[in-house]
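A.B. asks: Sequence first, predicted coordinates after that:
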Amino acid sequence: MKLRTLRPLGRPMVAAALLGASALWAQDEAPADELTWDAADEAALEAELEALLDDLQPGAWQVLGGVSAAWGQRENPGLSTVLPESANFGEVGLEAFARRESARWDSLFMLDGRTRWYDGHPVIDDEAAWFGRGELRVRPLSWLQLGVSSQGYWQDQVLDLTETIGARTVAPLQVTGGDVGSALRLSLPWGFAIEGGGRLLRADYEGVPEDYDAQEWRGELSWTPWSWLELVGATTSTERDYDYRREATVGGRLLDDTILGLQQDGLEARVRVRFTAVGTWRMEGRWSELENRDGASGFYDYDRDRWSAELGWSFGDWRLQGRYERSDLDYLVQTVGAGLTPEARTQADRFWEIEARRTVGEHWEVFGRWEQDDSRSNEIDASYTDETVKLGVNYLF
């Protein structure tokens, strides 16, 4: 599933996510068809994390948050491939973050939600996304960290479920889900660290038979030879069991008395660079590959390569960031067209984002964002483009 959620609002919530991402969340590169916050969303404002932590005092609860309002225009809210309809919108959001840290343990809780109303769109009146998370990390030894976490989400949006389905599937959907997980991290000499963990996931869809349970395992090796450089390699393995979806023949005919299961195995590599020169700079490059196998006829099998690059800069009251992401899917059995040698089904997704934020006084922040989503497929009537521009204000507390 290719999913573009309503984006996280600002620094407190993103920083909260980053505090737990390395040790617990284990989804810097979650399977593309898993309904969750995009890892790039979490990493996009990482440059602000250290500044935020400088304000937190060990041993006491620290509470931060923000309330935002934004106005903008979206080119294709319904992700239509035939007749895109643009619409103006208004958006409000809430984010809250509470954290307590001590020498041996720390905990955090966070909530992020937003609702958007469209003016006169023929398909969509409004959409919403809410996300909550709690986690606890314990350090019994200086080189050992243990953690447990739980998170949940609810979304009411137009979603693109095409990736793991044999035909283009885009529709307004409500989805409720969550997971529980645990992780262990060992710090090694010379800047190395290894991490392993697992999660149990659940997602329930209203109106489509996409409900599933999943188990995910992740292993990661990181190396930080200098404070400004981090290199990471990771592997993931996910077993997904659907409640209602059935297996299919090579030609796509659904089989009675069967239940579909998917095995998703992935590799990831990323490099992060941080330095200070007329402000703080952050750069990240990321590559991943995913093999999706259905364990039956192979009708749902595909391989996916994903590349992304991010650049962030902050100086005084200003913060700028840009991101580019591309994803290429090659289906191993599914074909398009007719004839003796039909073409294999392919899908190519591209995403661009530019954002600027400026703090005004102690509590206010103004921001602007432009993003474009382009999905191309060799299927007939299965390609679309979506573009969003918005301006907003954020009250920080």
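C.D. replies: Okay, I see it.
A.B. asks: Going by C-alpha atoms from here, please, whenever you check contacts or count neighbours.
C.D. replies: Fine.
A.B. asks: Can you pull out the low-pLDDT segments for the stretch 251-397 of the chain?
C.D. replies: In the predicted model, the stretch 251-397 of the chain carries no residue with pLDDT under 70.
A.B. asks: Same check on the stretch 101-250 of the chain?
C.D. replies: Across the stretch 101-250 of the chain, the ranges flagged by pLDDT under 70 are 166-167.
A.B. asks: can you map out the strands along it?
C.D. replies: 105-119, 126-141, 144-160, 170-187, 192-206, 212-226, 229-242 (DSSP state E, counting those that start in this stretch).
A.B. asks: Can you name every helix or strand that the shortest one contacts?
C.D. replies: What that stands for is strand 229-242. strand 212-226, strand 261-276 (3 or more Cα pairs under 8 Å, 6 or more residues apart in numbering; DSSP states H and E).
A.B. asks: go on, the fifth one?
C.D. replies: With contacts defined as 3+ Cα pairs under 8 Å, 6+ apart, the packing partners of strand 192-206 are strand 170-187, strand 212-226.
A.B. asks: Isn't residue 324 up against residue 352?
C.D. replies: Yes. Contact criterion Cα atoms under 8 Å: residue 324 and residue 352 qualify, at 4.7 Å.
A.B. asks: Could you tell me which residues within stretch 193-209 count as buried?
C.D. replies: Neighbour-count burial for stretch 193-209 flags 193, 194, 195, 196, 197, 198, 199, 200, 201, 202, 203, 204 (criterion: 16 or more other Cα atoms under 10 Å).
A.B. asks: what's the answer for stretch 307-324, then?
C.D. replies: Under 16+ other Cα under 10 Å, the buried positions of stretch 307-324 are 307-314, 318-324.
A.B. asks: Equivalent analysis for stretch 69-85, please.
C.D. replies: Those would be 69-81, 85, for stretch 69-85 by 16+ other Cα under 10 Å.
A.B. asks: what's the most distant pair in those residues?
C.D. replies: Spatial extent of the buried residues of stretch 69-85 (Cα to Cα) is set by the pair 69 and 81 at 29.8 Å.
A.B. asks: Export the helices and strands packed on strand 229-242 as a markdown table, with columns for mean neighbour count and distance to residue 241.
C.D. replies: Compiled in a markdown table, the helices and strands packed on strand 229-242 are given as follows (neighbours: other Cα atoms under 10 Å; distance: least, Cα to Cα, whole Å):
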| stretch | mean neighbour count | distance to residue 241 |
| --- | --- | --- |
| strand 212-226 | 18 | 5 |
| strand 261-276 | 18 | 5 |
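A.B. asks: which one of these lies closest to residue 152?
C.D. replies: Comparing these by Cα to Cα, strand 212-226 comes nearest, at 14.0 Å.
A.B. asks: Leaving out sequence neighbours, find the closest residue to residue 365.
C.D. replies: Counting by Cα to Cα, 6 or more residues apart in numbering, residue 359 is the residue found nearest to residue 365 once chain neighbours are left out, at 4.3 Å.
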